[in-house]
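**Student:** Attaching a predicted model along with its sequence, questions to come.
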Amino acid sequence: MIALNSVITCPNCGHQETEIMPDDACQYFYDCKNCSKVLKPEPGD
Ligand SMILES: [Zn+2]
């Protein structure tokens, strides 16, 4: 299983967190722990 550490920056509040991304990261959604906005990786990434 491949897992990558990825720093996610919330575009809403600028909060940064390091997350372990699953290898199906194109399907991965992440909710910002600071503002609760739901983030997703950039398209085509
Ligand atoms: Zn946020």
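**Tutor:** In hand now; what should we look at? Residues are numbered from 1 along each chain as shown.
**Student:** C-alpha only now, for contacts and for neighbours.
**Tutor:** Will do.
**Student:** Specify the beta-bridge partners of the nearest residue to Lys37 once chain neighbours are set aside.
**Tutor:** Using CA to CA, 6 or more residues apart in numbering and skipping residues adjacent in sequence, the residue nearest Lys37 is Asp31, 5.5 Å away. On the basis of DSSP bridges, Asp31 is bridged to Val38.
**Student:** how deep is Asp31 tucked in, by neighbour count?
**Tutor:** Close neighbours of Asp31, defined as other CA atoms under 10 Å, add up to 12.
**Student:** Cys32 too?
**Tutor:** Cys32, neighbours per other CA under 10 Å, totals 20.
**Student:** Do a quick rundown of the strands in the protein.
**Tutor:** 3-9, 16-22, 30-31, 38-39 (DSSP state E).
**Student:** who does the third one touch, helix- and strand-wise?
**Tutor:** Okay, so that is strand 30-31. Helices and strands touching strand 30-31, as assessed by 3 or more CA pairs under 8 Å, 6 or more residues apart in numbering; DSSP states H and E, comprise strand 38-39.
**Student:** cool, and the last one?
**Tutor:** Secondary-structure packing of strand 38-39 (3+ CA pairs under 8 Å, 6+ apart): strand 30-31.
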